[in-house]
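> coords below, sequence missing:
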C-alpha cells in the first residue's frame with residue numbers, strides 16, 4: 001500500500017511528526033489481487049469541532065504581547081501550540097514564514113514604537129537571523145515589518161533630522177521642535193548571514209516632500225496640486241514624529257506597498273517599482289484636498305487577498321482618536337470609499353489594535369487584549385481572551401492552505417488467497433510545524449478495509 005495525499009485534501013500547518021495507524025485488508029470472493037498502489041485520502045483540520053461547526057475559519061494565531069519576551073502560537077481552542085523566547089521585547093509585531101520560522105522585530109530603544117533589529121527563529125526556538133538597524137539619534141527600525149515572497153523583509157524606519165535640517169526642507173520654524181524630528185524611510189533588507197543583511201531598496205520620505213512656506217526652497221509648491229507629495233508642515237499631534245507610520249504590508253500581485261501614517265490620518269500606497277506615492281486615503285486635509293476625514297490615528301492597514309487575487313481593497317483598524325469610537329473599515333481603493341465597517345457600542349481602542357480578512361470573508365480582530373471573529377453581517381462567531389495577552393499590537397493569522405500533509409506506507413503481496421487478511425501500516429506525516437486533527441476520508445472500494453485508527457491528532 002502506498003498512501004499519498006490526494007490533490008483535494010485540505011491541509012494545515014502542524015509540527016513535524018509521524019504517527020502510525022494500521023490498515024488491514026480482508027480479501028473476499030474469488031479474486032486474486034496482484035500488488036498495486038493504494039490511494040488513501042486524508043481530511044485534515046487544525047482544531048477539532050470548534051472551528052468547523054461554528055462558521056469560523058480554521059487556522060492559528062501568532063501574537064507577541066508588547067511587554068513580554070515571548071511570542072505565542074495558539075489554535076482556536078486557545079491551546080498554546082508553540083512559544084518562542086527572545087532576550088528582547090518586541091518592536092512590535094511578529095509574522096509566520098512559509099518554512100515555519102517566525103520573524104519578530106526586537107526592541108533596542110525606548111522610542112515610541114521603537115525597534116532597532118529583526119530576529120528570525122526556527123520552530124524549535126533557534127535564533128536563525130539577528131539583524132540590527134539602529135544608530136542612536138540617526139536611524140532605527142520601528143513598529144512593523146513585512147516579510148516578502150522573495151525572502152526579503154520590508155521595514156519601517158525613522159530618519160532623525162535636526163532643527164536646521166528641517167528648516168532646510170521648508171519646515172515652519174514656529175512648529176518645529178528644537179530637538180528636531182523623525183521622518184520616515186522604508187528599507188528592504190535581503191538577509192545574507194546570521195547577523196547581516198543588504199539593503200536592496202529604499203523609499204525616503206525626504207524625496208517626496210512639498211511645502212508652501214519658503215518659496216526659495218526647491219520643494220516649494222501648491223500643496224493642493226500635488227497629492228503625490230507630503231506636506232512637511234502638516235500637523236496633527238504634538239510629538240516629534242512627523243508621520244508616525246505604524247504598519248506596512250506588501251501586495252505581491254501588484255508590487256505595491258501599503259503604509260499607515262497615524263499622524264497624517266492616512267493610508268498610502270507606494271509603487272515598489274518606482275517609489276511613486278500613487279494613492280492616499282483617509283484625510284484630505286493632509287494634502288489640502290476636498291472631502292471629509294475618515295481615519296483617526298488608525299493602525300494595521302492590510303491588503304485583502306482572496307483566492308490568490310487582489311482587487312485593491314484594504315482593511316484598517318480605525319482607532320477613532322478625536323471622534324471617540326473605533327471601527328474596522330474596508331476601503332475600495334478603485335472606488336475610493338468605504339465598502340464595509342464594523343463597530344459596536346462602547347468600542348474604543350485609542351492605541352494599537354489590528355484586523356485581518358479571512359478566506360471565508362469573516363474578519364479577525366485584535367482589540368489589544370482579546371481576539372474575535374465577525375461575519376460580513378457583523379455577527380460575532382468566535383472570541384478568545386488570551387491569559388498572557390495584554391497590549392497586543394497586532395496578530396498574524398496562519399491559513400490552513402499553507403500546509404502540506406501526506407501519508408506513507410505499503411502493503412505488497414501477490415497471489416493472495418481469498419479470505420486472507422493482509423496487515424500493513426501507514427504513517428500520517430506533515431512537512432510543516434503545527435498540530436492538527438486528521439481523519440481518513442477515502443480508501444479503495446474493493447476489499448474490506450479495517451483501520452485501528454480512523455482519525456487522530458498529531459503530537460510533539
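Now that the structure is in, tell me what you want to look at. Being a predicted model, the structure only gives us computed values, none of them experimental. Numbering: from 1, shown residues only.

> flag the shaky bits of this structure, pLDDT-wise.
By pLDDT under 70, the weakly predicted segments of the chain are 1-55, 400-417, 419, 425-441, 446, 453-460.

> who does the strand ranked longest in it touch, helix- and strand-wise?
As assigned by DSSP state E, the longest strand anywhere in the chain is strand 181-193. Contacts defined by 3 or more C-beta pairs under 8 Å, 6 or more residues apart in numbering; DSSP states H and E place strand 181-193 against strand 127-132, strand 153-161, strand 196-204, strand 256-261. C-beta: built from backbone N, CA, C; applies to glycine.

> okay, buried residues for stretch 330-338 please.
Buried residues in stretch 330-338, counted by 16 or more other C-beta atoms under 10 Å: 330-333.

> how far out from the middle of the chain is it?
Centre-to-centre, stretch 330-338 and its host chain are 21 Å apart (C-alpha atoms, centre = their mean, to the nearest Å).

> which residues are in contact with it?
267, 269, 279, 281, 294, 304, 311-316, 329, 339-341, 357 (C-beta atoms under 8 Å, 6 or more residues apart in numbering).

> and the residues you listed, which are buried?
Buried among these by 16+ other C-beta under 10 Å: 267, 269, 279, 281, 294, 304, 312-316, 329, 340, 357.

> just put those residues in a markdown table and tack on secondary structure and distance to residue 174.
Formatted as a markdown table, those follow (DSSP: H, G, I helix; E, B strand; the rest coil; distance: C-beta to C-beta, whole Å):
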| residue | secondary structure | distance to residue 174 |
| --- | --- | --- |
| 267 | strand | 29 |
| 269 | strand | 32 |
| 279 | strand | 31 |
| 281 | strand | 29 |
| 294 | coil | 29 |
| 304 | strand | 42 |
| 312 | strand | 39 |
| 313 | strand | 40 |
| 314 | strand | 35 |
| 315 | strand | 38 |
| 316 | strand | 32 |
| 329 | strand | 34 |
| 340 | strand | 41 |
| 357 | strand | 43 |
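
> burial of the residue lying closest to residue 295 once chain neighbours are set aside, as a residue count?
Sequence neighbours aside, residue 282 is the residue nearest to residue 295 in space, at 3.4 Å (criterion: C-beta to C-beta, 6 or more residues apart in numbering). Neighbours of residue 282 under the rule other C-beta atoms under 10 Å: 23.

> thought residue 282 was touching residue 291?
No: at 9.9 Å, residue 282 does not count as touching residue 291 under the criterion of C-beta atoms under 8 Å.

> could you count how many residues lie near residue 100?
Neighbour count of residue 100, defined by other C-beta under 10 Å: 22.

> then the one 4 residues further on?
Other residues near residue 104 come to 24 when the count uses other C-beta under 10 Å.

> from residue 73, how far off is it?
Relative to residue 73, residue 104 is positioned 12 Å away (C-beta to C-beta, to the nearest Å).

> likewise residue 212?
On the measure of C-beta to C-beta, residue 212 and residue 73 end up 50 Å apart.
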